[in-house]
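[1] Just need the structure, nothing else, for what follows:
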Amino acid sequence: MKIKHLKTKTTIELTPEELHDWITKVNQLDSMLDNISEMKDLYLSDILSLDELKWRMTRLFNLTWNSNTHRYTKGGR
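    You can find the predicted model right below:
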């Protein structure tokens with residue numbers, strides 16, 4: 001995976017395998033949201049999957065936690 005941060009845009013280049021992995025994650029999100037909507041409940045395994053997805057996205061976008069605003073922001077170490 002290659003990430004290029006420019007002034008006006010960020011470009012992410014994925015290999016076919018990485019794209020397949022992200023498509024799988026989107027489908028997992030779809031399934032979790034469908035379960036929540038239908039059952040008004042959430043599986044613990046879904047919470048773990050959501051946490052993993054959040055972690056992967058923060059790494060993908062090079063986000064850091066800002067303890068003053070309690071939000072992730074662009075930038076990195």
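[2] From now on I want contacts and neighbour counts done on CA atoms only, so please keep to that.
    Will do.
[3] ok, now how distant is M32 from K9?
    31 Å (Cα to Cα, to the nearest Å).
[4] More neighbours: which of these two?
    M32 (20 against 7; other Cα atoms under 10 Å).
[5] right, and R71 touches T58 too?
    No: with contacts counted by Cα atoms under 8 Å, R71 stays clear of T58, the gap being 11.2 Å.
[6] Show me which of these two is the more surrounded one.
    T58 (16 against 10).
[7] Name the SS class of the closest residue in space to the more buried one that isn't next to it in sequence, please.
    In this structure, T58 finds its nearest non-sequential neighbour in T64, 7.3 Å apart by Cα to Cα, 6 or more residues apart in numbering. The three-state label for T64, taken from DSSP: H, G, I helix; E, B strand; the rest coil, comes out as strand.
[8] Show me what T64 is bridged to.
    T73 (DSSP bridges).
[9] hang on, isn't it packed against M57?
    No: between T64 and M57 there is no contact under Cα under 8 Å: 11.0 Å.
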